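>>> What shape does this take:
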Amino acid sequence: MTDSKYFTTTKKGEIFELKAELNSDKKEKKKEAVKKVIASMTVGKDVSALFPDVVNCMQTDNLELKKLVYLYLMNYAKSQPDMAIMAVNTFVKDCEDPNPLIRALAVRTMGCIRVDKITEYLCEPLRKCLKDEDPYVRKTAAVCVAKLHDINAQLVEDQGFLDTLKDLISDSNPMVVANAVAALSEIAESHPSSNLLDLNPQSINKLLTALNECTEWGQIFILDCLANYMPKDDREAQSICERVTPRLSHANSAVVLSAVKVLMKFMEMLSKDLDYYGTLLKKLAPPLVTLLSAEPELQYVALRNINLIVQKRPEILKHEMKVFFVKYNDPIYVKLEKLDIMIRLASQANIAQVLAELKEYATEVDVDFVRKAVRAIGRCAIKVEQSAERCVSTLLDLIQTKVNYVVQEAIVVIKDIFRKYPNKYESVIATLCENLDSLDEPEARAAMIWIVGEYAERIDNADELLESFLEGFHDESTQVQLQLLTAIVKLFLKKPTETQELVQQVLSLATQDSDNPDLRDRGYIYWRLLSTDPVAAKEVVLAEKPLISEETDLIEPTLLDELICYIGTLASVYHKPPSAFVEGGRGVVHKSLPPRTASSESAESPETAPTGAPPGEQPDVIPAQGDLLGDLLNLDLGPPVSGPPLATSSVQMGAVDLLGGGLDSLIGGTNFVAPPTAAVPANLGAPIGSGLSDLFDLTSGVGTLSGSYVAPKAVWLPAMKAKGLEISGTFTRQVGSISMDLQLTNKALQVMTDFAIQFNRNSFGLAPAAPLQVHAPLSPNQTVEISLPLSTVGSVMKMEPLNNLQVAVKNNIDVFYFSTLYPLHILFVEDGKMDRQMFLATWKDIPNENEAQFQIRDCPLNAEAASSKLQSSNIFTVAKRNVEGQDMLYQSLKLTNGIWVLAELRIQPGNPSCTLSLKCRAPEVSQHVYQAYETILKN
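Down below sits the predicted model:
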């Protein structure tokens with residue numbers, strides 16, 4: 001008879017009867033009773049009253065009965081901790097049982113009983129089991145340490161279990177090694193700062209040896225651990241890759257993905273010229289292709305991971321296009337994912353094949369899939385220029401089918417093709433205009449309106465077409481209304497005489513009859529532009545548009561590098577870092593790929609490393625320039641915004657979109673010299689709205705005469721970009737300590753709390769030295785001033801420009817990003833005065849090509865005044881002499897990271913300009929030191 005009989009009884013006096021049976025002398029009866037108890041417990045009945053009677057059954061040699069009793073114990077020990085102590089003696093006894101299965105069972109159950117009172121009794125038995133002669137017991141005990149650590153971390157550390165676990169990594173049995181690695185990794189996850197898995201070439205060698213003999217889950221633990229190791233050079237990375245490669249042919253797809261993760265990570269360190277690099281690329285393709293023959297759910301996970309791999313290294317799968325062709329019976333989620341990868345792999349070599357497939361897909365029955373297929377044709381046109389002609393004719397064929405949703409999608413993508421290839425395919429506009437009446441989706445209507453407005457001069461009845469949309473203006477979606485407003489203004493600028501009424505009608509609809517602030521604002525801007533300066537209006541509205549980039553949906557490079565480190569986990573399926581979806585106290589470690597050893601990055605000047613870092617570690621200090629957002633709270637960020645760098649004149653445009661080119665693109669390259677009105681780099685954050693009132697607001701933090709110069713506060717983060725939070729600030733240095741003086745203003749309608757701040761890695765390691773203390777909740781319209789102390793011991797990464805600081809501020813509403821430039825003089829330290837002999841020797845020692853000369857204009861100070869002004873900002877005069885009527889000041893300063901800068905300042909009495917010569921072993925700082933000189937001398 002099966003065990004189902006235990007679940008059928010519903011007698012009233014059941015507990016009483018079970019009690020009697022549990023205390024029976026007959027072993028069989030006892031076993032039956034325990035099974036009934038477990039059955040009742042499983043269906044949710046409370047059988048905790050039987051605790052003492054069940055515990056009495058523990059004293060038995062019958063393994064089956066023991067397992068059942070242990071199962072009951074695990075369930076009820078938490079609600080009956082005092083009773084559970086009764087079982088401790090049996091555990092201790094079972095841990096010394098001659099049968100290894102019983103010893104392991106006892107130690108496994110001990111780990112599952114989460115009762116503080118009991119844990120200390122379990123230390124001794126656990127210590128014995130960790131050194132047990134049977135590997136089965138040792139591997140069970142290893143996992144038990146991780147469970148115990150979760151209950152009482154301090155106890156595990158005090159008892160020295162962590163050291164025993166580390167010793168188990170050298171165990172002779174591969175399963176013990178795998179479980180020890182799994183336990184240490186688990187513990188390390190909850191303590192990101194501790195260096196538990198102290199991996200070195202010897203321990204890595206042991207792990208690789210164990211890898212061949214483990215079970216599949218053991219292999220995954222070991223591979224995940226290997227992925228966190230940083231090889232010391234490319235030879236070690238290659239030897240690890242060679243020993244991991246055989247795992248690619250494993251039957252378990254999780255093992256395959258873990259092996260792919262290790263290889264993808266270590267490939268970063270291999271030079272592309274190596275023969276082995278090419279071999280490895282070839283070896284990676286077949287296992288990934290094999291994953292696609294699994295069931296649909298596994299296929300989907302594989303495809304999401306392949307999507308990341310293709311973005312990082314498209315060359316791996318460039319010849320495997322056919323496996324991504326859609327099968328008729330694929331579920332929709334697999335179809336859409338395959339389509340995405342097909343476009344990523346599309347190239348001149350395979351575009352004909354891809355287009356033939358896509359055209360086929362566009363006649364399918366699944367609407368979502370057809371839409372995506374039509375979009376894909378457009379993306380191919382933008383990606384592979386040679387195929388554009390073909391793509392456009394394919395799209396026109398699809399428009400001729402007159403299937404509504406196909407036509408709409410085709411029009412949306414043709415708009416993008418016009419943006420990518422201007423003046424090439426405009427002949428198709430007539431065909432598009434024929435389908436105007438069938439458009440009912442906002443995106444398609446908006447795209448069509450854009451086309452009509454953009455090419456109004458080529459369309460005879462453009463005004464009639466746009467007028468037809470105006471009739472139901474208020475029923476349209478915002479996207480269509482905004483597009484219609486712009487299109488009519490464009491039309492007016494191209495054909496002013498015929499469309500005056502039309503433009504007045506749309507402007508009054510947008511400004512007077514609309515509730516949407518975006519639409520109203522745009523309407524007013526156009527109205528004012530047209531009424532005050534039509535020429536300027538023409539330049540603004542009809543300006544030449546930048547070409548759109550080919551891949552608009554690529555993952556931001558830093559995030560992609562992080563996700564590559566999480567291949568085979570949920571993060572790789574969501575395409576989000578773990579911190580975006582894992583809640584709770586566990587610290588989520590931010591991972592990144594190792595820097596490329598073969599890159600030119602290592603040629604950087606060693607002076608940019610912080611003091612104390614040996615020159616060999618240079619690649620760690622300056623990672624690839626693509627690492628733009630680094631680990632700013634590891635947030636999931638969208639694709640980079642493309643656009644031309646703005647001219648220098650737009651310095652005042654405030655808060656920068658961090659996802660674009662950062663501040664440097666705003667300022668138009670790295671050689672930016674601030675104009676006289678905004679000599680202080682910190683001012684660059686001032687938004688347009690602050691106007692002149694801020695420039696003359698002398699109360700907001702102009703430095704006192706003692707201490708180094710302090711710039712006035714500037715708005716770094718406007719309220720409109722941060723959901724009502726406005727942040728202004730400046731930097732100060734007083735008596736050796738740097739601080740960021742912030743002013744937080746709440747312009748929202750809700751209270752703001754839970755403030756926190758974090759800096760991205762930067763050139764000089766600036767980091768908050770304390771948390772952001774906002775003591776009371778920030779009410780609407782309230783402003784609070786905070787001084788945040790800064791240290792210079794944070795992570796270092798060379799920024800562009802050098803003094804760029806990217807900041808993330810979090811509150812209860814969201815996380816906001818901005819970037820600002822800090823004036824370099826806050827990094828000038830107090831012990832920056834060199835003695836004369838040293839100055840002379842260093843000046844001669846630094847090569848002449850490192851010397852930079854600058855002119856400081858409009859600075860009518862004499863040598864004495866200049867010297868004392870500079871000294872208050874830690875620029876020290878070492879010597880002074882007069883040569884042919886010119887005052888020469890020889891000065892030295894030292895930056896917080898130990899870089900010395902030597903200066904010669906030539907002042908000609910009566911001449912408002914002076915000449916500054918700078919010499920430094922790290923010439924990239926000279927430009928910024930000059931800016932600091934100019935700022936200090938002129939303020």
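
>>> need the contact list for the nearest residue to Phe161 once chain neighbours are set aside.
Excluding its sequence neighbours, the residue lying closest to Phe161 (CB to CB, 6 or more residues apart in numbering) is Val145, at 4.8 Å. Backbone N, C-alpha and C define where each C-beta goes, glycine included. Shown in contact with Val145 (CB atoms under 8 Å, 6 or more residues apart in numbering): Leu126, Leu130, Val156, Phe161, Leu162, Thr164, Leu165, Ala183, Ile187.

>>> and of those residues, the nearest to Asn329?
In terms of CB to CB, no member of those lies closer to Asn329 than Ala183, at 43.2 Å.

>>> So the closest one lies in a helix, does it not?
Yes. Using DSSP: H, G, I helix; E, B strand; the rest coil, the assignment for Ala183 is a helix.

>>> pLDDT below threshold where in the stretch 151-300 of the chain?
Counting by pLDDT under 70, the stretch 151-300 of the chain contains low-confidence ranges at 192-195.

>>> could you say which helix or strand contains Val882?
You called it Val, but residue 882 is Asn. strand 876-883 (DSSP states H and E).

>>> picking up where we left off before, buried residues in the helix or strand harbouring the residue nearest to Phe161?
Assigned by DSSP H and E, Val145 belongs to helix 135-151. For helix 135-151, a neighbour-count test (16 or more other CB atoms under 10 Å) marks 135, 137-149, 151 as buried.

>>> picking that back up, distance between the strand holding Asn882 and the chain's centre?
For strand 876-883, the distance from its own C-alpha centre to the chain's C-alpha centre is 50 Å (CA atoms, centre = their mean, to the nearest Å).

>>> repeat for stretch 540-553
Worked out by CA atoms, centre = their mean, stretch 540-553 lies 26 Å from the chain centre.

>>> What's the mean pLDDT across it?
Stretch 540-553 carries an average pLDDT of 77.

>>> With stretch 460-477 instead?
pLDDT averaged over stretch 460-477 gives 84.

>>> first to last residue in that stretch, what's the distance?
27 Å (CA to CA, to the nearest Å).

>>> before we move on, what about stretch 842-856?
Terminal residues of stretch 842-856 lie 25 Å apart, using CA to CA.

>>> Can you pull out the residues in contact with that stretch?
In contact with stretch 842-856 (CB under 8 Å, 6+ apart) are residues 834, 900, 902, 913-921, 923, 926-927, 930, 933-934, 937-938.

>>> Pop the domain breakdown of the chain in here.
346-439, 441-532, 714-822, 827-938 (the TED database).

>>> got the contact list for the helix or strand containing Lys19?
According to DSSP H and E, Lys19 maps onto helix 14-22. Residues outside helix 14-22 that contact it (CB under 8 Å, 6+ apart): 11, 29-30, 32-34, 36-37, 40, 47, 49-50, 53-54, 56-57.

>>> Which of those fall within helices?
Using DSSP state H, Lys29, Lys30, Glu32, Ala33, Val34, Lys36, Val37, Ser40, Asp53, Val54, Asn56 are the members of these that sit in helices.

>>> and Asp416, which of the three is it?
Per three-state DSSP, the secondary structure class of Asp416 is helix.

>>> tell me the contacts of it?
Counting by CB under 8 Å, 6+ apart, Asp416 has contacts Gly378, Ile382, Ile548.

>>> returning to that earlier point: out of the contacts of Val145, name the ones that lie in helices.
Those of the contacts of Val145 mapping onto helices are Leu126, Leu130, Val156, Phe161, Leu162, Thr164, Leu165, Ala183, Ile187, per DSSP H.

>>> what residues are up against the fifth one?
By CB under 8 Å, 6+ apart, Leu162 lies in contact with Val145, Val156, Leu184, Ile187, Leu196.

>>> next one: the second one
Residues near Leu130 by CB under 8 Å, 6+ apart: Arg138, Ala141, Ala142, Val145, Phe161, Thr164, Leu165, Leu168.
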